[in-house]
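Undergrad: A structural model of the following input is requested.
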Amino acid sequence: MLKIRKMLTIANLKQFNAVLLLAMLLLTLITALLPQIQIALFNKNVLIPNISIKAMILLLIALSFLWICGSKNREYIKDNKSVFGLFILYFIYIACVSVLFVRFGLSSGFVVFSMNSYYFFLLIIPFVLLMNVNVSSVKIMWIFLAFAIPLSMIGIVQHLTNQPLLPLASADGQFSINSWQFGNHVRAFSLFDSGLDFGHYLSICAAFVVSMITIKRKKMITMNSIMLILFSITIYTTLTRNIYIEYLFSIICVLIVYLFINKKYLAVLPIVLYLFGLLINNIAPLMAKIYHQHSIFNLETYITRQNEWITVRNVWLGQGYIKALFGTGFIQSDKYELTRNLLIDNSVLAVGLHTGIVGLIFYLLIMWLCWMYCVKVTTSKQNVFNIALTGFFSTWALTGIFNINFSTYAVVFILFLLGNSERMKFIDKNQYILWKNE
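TA: You can find the predicted model right below:
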């Protein structure tokens, strides 16, 4: 009887942790929801900053200690020792270069801030795997879509009125909206801290809708079509070219994953997309010259970005082999005076500048393992949720050319884990081995 009661207690705690983790991921993606609520309630101040969301996630991991150390997890770690070994080495590397950056003269506060800003969600992936908690994938999907509709409405109204409508900053300086203007136009940002983050969320939701249209065909076709049209119109109002690319290829890649999920060559999709992204980057000046009358094809911003990339590359690789291999410790952030004028907008350059060639290799290996895991699980369980998120995740290398986005993709991968009740081996050439929930 005592054993049954203990099992029920653990099951209830796992379910509580799962729901709370979903809420934290949602707040992470809808970046300005928590701050805007506080600005409205607390005299334009933000008393609980977004960093508290990460603290809550760490608390959830700590509360999961009872079953993280269980025998089934020990078996799972043993069968995926190369993957968990990679994460352990990455933890050690991050710790070592953090010490190195302090030796370079950076403050310990800045070093901790930079590591948290870039790699928090990448580094907690193994812990979420071991938590092995689950929320219905259908519920996750409809929760996201339920939020997306009013968020889209706010964004469209911002665009039509050419007014931000919402506070652009808190009185205490804890929160502000980034890049909310494009020339004389307001970029729709809704309840996000930028049009870019708004676009990430809508791209995920569009992937869900396209996956439903593709798999369910005639079922709810009218409602799904209306949602897709709404999201497409809203995406335009963000006036963010990076997001146009992300949104379009998220939809295309959902279709590709649906059609070719059983084909081995699907694994190279991120590489193909990356090469296509380089092509887009190279033909951008031509497009700007042809469509120069449209501000969205402004050549000046393209030239500025190209010049910044050259500067960043020189700072990273032009200061000797130590900084080339292990990085400079610099990140793109306006929180510190040291990096306020540093514009990177490229994931590979961002990781390379920060943690060097070695750190970049770790990052690429982890992202590739996450991608392959999505493909394996989706091959085994071909449902709307899995096809949508695998399609979206496949764009990580492409969109990384035009912005720093690895936190978003790490959150999406964690969302993917949360929506699947079985865990699969990362590396298994012969068969898929599923690990059921305890």
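
Undergrad: so how many other residues sit close to A62?
TA: Using other C-beta atoms under 10 Å, A62 has 10 neighbouring residues. Heads up, the C-betas are built off the backbone N, CA and C, glycines and all.

Undergrad: Now it. Its backbone dihedrals?
TA: Torsion angles at A62 (phi, psi; degrees, to the nearest 10) stand at phi -60, psi -40.

Undergrad: ok, now how distant is it from H200?
TA: Distance of A62 to H200, given as C-beta to C-beta, to the nearest Å: 28 Å.

Undergrad: what ranges do the helices span in the stretch 1-150 of the chain?
TA: 2-29, 33-41, 51-63, 65-68, 71-79, 81-104, 108-123, 125-131, 137-161 (DSSP state H, counting those that start in this stretch).

Undergrad: out of those helices, nearest to L338?
TA: For the helices of the stretch 1-150 of the chain, proximity to L338 was assessed by C-beta to C-beta; helix 108-123 is nearest, at 6.8 Å.

Undergrad: how about the closest one: buried residues?
TA: By 16 or more other C-beta atoms under 10 Å, the buried positions in helix 108-123 come out as 110-111, 113-115, 117-123.

Undergrad: do stretch 349-366 as well
TA: Quick answer for stretch 349-366 (16+ other C-beta under 10 Å): 349-360, 362-363, 366.

Undergrad: just checking, which of those residues belong to strands?
TA: Among those, the subset assigned to strands under DSSP state E is empty.

Undergrad: quick one: which of these is nearest N162?
TA: Looking across those and measuring by C-beta to C-beta, the closest to N162 is A350, at 32.1 Å.

Undergrad: okay but the closest one is in contact with Y118, surely?
TA: Yes - under the criterion of C-beta atoms under 8 Å, A350 makes contact with Y118 at 7.3 Å.

Undergrad: so what's in contact with these two at the same time?
TA: With contacts defined as C-beta atoms under 8 Å, 6 or more residues apart in numbering, the residues shared by A350 and Y118 are 331, 404.

Undergrad: quick one: contacts for S176?
TA: Taking C-beta under 8 Å, 6+ apart, one finds 168-170, 193 in contact with S176.

Undergrad: what's the closest of those to G85?
TA: Of all the contacts of S176, G85 sits closest to D193, with 36.2 Å by C-beta to C-beta.

Undergrad: Isn't that closest one up against N178?
TA: Yes - if you go by C-beta under 8 Å, D193 and N178 touch, sitting 5.8 Å apart.

Undergrad: neighbour-wise, which of these two wins?
TA: Neighbour count, other C-beta under 10 Å: between D193 and N178, D193 has more, with 22 against 15.

Undergrad: how much space between that one and V375?
TA: For D193 relative to V375 (C-beta to C-beta), the value is 32 Å.

Undergrad: and if you look at S52?
TA: 34 Å.

Undergrad: quick one: which of these two has more around it?
TA: Neighbour comparison, S52 and V375: the larger count goes to V375, with 20 against 13 (by other C-beta under 10 Å).

Undergrad: Over to the more buried one. Which of the three states is it?
TA: Using DSSP: H, G, I helix; E, B strand; the rest coil, the structure places V375 in helix.

Undergrad: Quick check, it in contact with N262.
TA: No - in this structure, V375 is not within contact of N262 by C-beta under 8 Å, at 10.3 Å.

Undergrad: Could you export stretch 168-184 as PDB, CA atoms only?
TA: What follows is stretch 168-184 as a C-alpha-only set of coordinates in PDB (Å, rounded to 0.1, in the frame of the first residue of the first chain):
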ATOM      1  CA  LEU A 168       7.900  50.200 -24.900                       C
ATOM      2  CA  ALA A 169       9.900  50.100 -21.600                       C
ATOM      3  CA  SER A 170       9.400  49.700 -17.900                       C
ATOM      4  CA  ALA A 171      10.000  52.700 -15.600                       C
ATOM      5  CA  ASP A 172      12.700  50.800 -13.700                       C
ATOM      6  CA  GLY A 173      14.700  49.900 -16.900                       C
ATOM      7  CA  GLN A 174      14.200  46.100 -16.400                       C
ATOM      8  CA  PHE A 175      12.400  45.700 -19.700                       C
ATOM      9  CA  SER A 176      12.300  47.300 -23.200                       C
ATOM     10  CA  ILE A 177      11.100  46.500 -26.700                       C
ATOM     11  CA  ASN A 178      13.900  46.000 -29.200                       C
ATOM     12  CA  SER A 179      13.900  47.300 -32.800                       C
ATOM     13  CA  TRP A 180      10.200  48.300 -32.800                       C
ATOM     14  CA  GLN A 181      10.500  50.700 -35.700                       C
ATOM     15  CA  PHE A 182      11.400  50.100 -39.400                       C
ATOM     16  CA  GLY A 183      11.800  53.500 -41.000                       C
ATOM     17  CA  ASN A 184       8.600  55.400 -40.300                       C
END
